[in-house]
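Student: got a predicted structure here, sequence first:
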Amino acid sequence: MGPRPRLGSKPLAKPDAAHRALSAATPDHPVLLERVDGHAAWVNTRALDLAGIGPNTADPPGGRILRDAQGRPTGTLVDAAQDLVHARIPHPTGRELERLILTALGDLVRLGLTAVHDAGCTSSVVRAYARLAAADRLPMRVYAMIDGNQSAGSLAAELARWSSEPDIGRLEIRAVKLFADGALGSRGAALLDGYADDPGNRGLFLLSPKELRERVSLVARAGFQPAVHAIGDAACREVLRAYAELARHMDLARLRPRVEHLQLVRAEDLALLRESGAVASMQPVHAIADAPWVAARVGDGPALRGAYAWRQVLRTGAPLALGSDFPVESPDPRLGLYAAECRRPAGATAPWNPEERLSRLEALLGFTWGAAYAAFAEDRRGVLRERCEADLTVFADDIFELPAERLPEARVAATVVGGRVEHERALPGRAEP
């Protein structure tokens, strides 16, 4: 199977008809098209056959095979069900991974990013990063999270491997990415009240509450930072409770456990953020991308009132680390700043849930100091002061004076990492460097 293009953010309509069309267009070659958030895939009949997926194939734990009225797979695979086909796709070589990493990081540096948190790196990706870092070829800092979905034995071996060498040049390896649930768009996020537009469906727990606690404990007791994907309010509750329970038996706060996304959180669960010392790792662009359809998913109830609740999180006193969740959304931090301050979807005339908007300074702090804090680096990055590491995004425009609507147009003049200019842009009136 070849490269995996990504589908858009809207779910497929009439998946059985779409499957027939895809299979008719590509009868001889296996095809897998991945949804933009990575939580669902669309495959043709040839791919189903090669993976051995048929009417009698059971849904795997944490996954769902969509079926037609006769029980036949329609080619849409949600969350863990994708693994049945992914297992048949050849892995890229180490050299290919290095080339892909350098291409991606080069694009990010040009956007003004000085560091990225790469969530869920497989063993081969971590090793590719390590080779590049050892050769001083990384153009920016990378905070790599070990893939926590592998078997417990393999994960323990990875933790032991990197605990002895957590830092290599611009690479840091001290976190593990776990998944509590799926995504809202594919109706895999775990919801307390279920989906308003799909009665009876409460989403998917990719790790059962028991498995979640076991994995978080394994990671934390090895001295690594747990970073758990949680989108639905049921998943957010389980993750926060798991953190709070573990915090009663060990100093979990020193590991700064992260909740990745925290997209729907009940007000009564927010206190657990402070109790466990957790970091709220959130992405403002999700709010404006999802606003047109999220109410249809969750209804007009408590789940919606806790949707993308940045202001509610700040009131708890919990650290707020802002990012983009690319490649699900654009990696451009200027769009994130705009989303955080304006909270207005494209084409809308008014902000969505405006009470959750952030000020310009709060948003900048989330993308700088907050992100650095989430990576244990707030004493040397994310601020401008003596003896810090001189990671700088230089704008040609005054970022505090620009009208909010023009934030996406702010011109990145240079990107500096550790005092080294990694990108410089020729601007009007200046010669090309």
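Tutor: That came through, no problem. Numbering: from 1, shown residues only.
Student: the helix or strand in which Leu246 is found - contacts with which helices or strands?
Tutor: Taking DSSP states H and E as the criterion, Leu246 maps to helix 233-247. Applying 3 or more CB pairs under 8 Å, 6 or more residues apart in numbering; DSSP states H and E, we find helix 233-247 packed against helix 209-221, strand 225-230, strand 258-261, helix 271-276. From N, CA and C alone the C-beta is placed, and that goes for glycine too.
Student: and His117, which of the three is it?
Tutor: Remark: His117 carries the secondary structure label strand [criterion: DSSP: H, G, I helix; E, B strand; the rest coil].
Student: report the beta-bridge partners for it.
Tutor: His117 forms beta bridges with Tyr143, as assigned by DSSP bridges.
Student: TSV please, covering the helices and strands packed on helix 233-247 and showing mean pLDDT and mean neighbour count.
Tutor: As requested, the helices and strands packed on helix 233-247 are arranged in TSV below (pLDDT from 0 to 100; neighbours: other CB atoms under 10 Å):
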stretch	mean pLDDT	mean neighbour count
helix 209-221	97	18
strand 225-230	98	27
strand 258-261	98	28
helix 271-276	93	20
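Student: can you redo those as CSV with distance to Arg170?
Tutor: Converted to CSV, those look like this (distance: least, CB to CB, whole Å):
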stretch, distance to Arg170
helix 209-221, 23
strand 225-230, 18
strand 258-261, 21
helix 271-276, 30
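Student: any idea which helix or strand in the chain has the lowest mean pLDDT?
Tutor: Among the secondary structure pieces of the chain, namely its helices and strands, strand 6-7 has the lowest mean (mean pLDDT, DSSP states H and E), a mean of 36.
Student: sorry, back to before: and the helices and strands packed on helix 233-247: which comes nearest Tyr308?
Tutor: Minimum separation from Tyr308 across those (CB to CB) falls at strand 258-261, 9.3 Å.
Student: which strands and helices sit next to that closest one?
Tutor: In this structure, strand 258-261 packs against strand 225-230, helix 233-247, strand 279-282, with contacts taken as 3+ CB pairs under 8 Å, 6+ apart.
Student: need the winner for burial among those.
Tutor: The highest mean neighbour count among those belongs to strand 225-230 (a mean of 27), with neighbours defined as mean count of other CB atoms under 10 Å.
Student: quickly run through the sheet partners of that one, with directions.
Tutor: Paired strands of strand 225-230, defined by DSSP bridges, are strand 171-179 (parallel), strand 258-261 (parallel).
Student: contact partners of that strand?
Tutor: Here strand 225-230 makes contact (CB atoms under 8 Å, 6 or more residues apart in numbering) with 119, 145, 148, 174-181, 212, 215-216, 219-220, 236, 238-239, 242-243, 255-262, 281, 376.
Student: please redo it, this time with the cut-off set to 6 Å
Tutor: 145, 174-175, 177-180, 216, 219-220, 236, 239, 255-260 (CB atoms under 6 Å, 6 or more residues apart in numbering).
Student: try stretch 79-87
Tutor: Surrounding stretch 79-87, the residues in contact under the criterion CB under 6 Å, 6+ apart are 32, 39, 41, 43, 47, 51, 53, 60, 62-65, 182, 188, 204, 206.
Student: write a PyMOL command that selects only the buried members of the residues you listed.
Tutor: Below is the selection syntax for PyMOL that covers the buried ones among the contacts of stretch 79-87, with 16 or more other CB atoms under 10 Å defining burial:
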select buried, resi 32+39+41+43+47+51+53+62+63+64+65+182+188+204+206
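Student: specify the local secondary structure of the residue lying closest to Leu77 once chain neighbours are set aside.
Tutor: In space, Leu77 comes closest to Ala41 once its chain neighbours are excluded; the distance is 4.9 Å by CB to CB, 6 or more residues apart in numbering. Taking three-state DSSP as the rule, one finds Ala41 in the strand state.
Student: specify the beta-bridge partners of Ala41.
Tutor: Glu34, Leu77.
Student: pLDDT score assigned to it?
Tutor: The confidence metric pLDDT takes the value 91 at Ala41.
Student: what's the spacing between it and Ala160?
Tutor: Here Ala41 is placed at a distance of 33 Å from Ala160 (CB to CB, to the nearest Å).
Student: show me which residues of whatever helix or strand Ala156 lives in are buried.
Tutor: Secondary-structure element containing Ala156, defined by DSSP H and E: helix 152-163. By neighbour count with 16+ other CB under 10 Å, helix 152-163 contains the buried residues Leu155, Glu158, Leu159, Trp162.
Student: count the residues that sit near the residue nearest to Val383 when sequence neighbours are not counted.
Tutor: Setting aside the residues directly before and after it, Val383 is nearest to Trp369 in space (CB to CB, 6+ apart), at 5.9 Å. Number of residues near Trp369 (other CB atoms under 10 Å) recorded here: 18.
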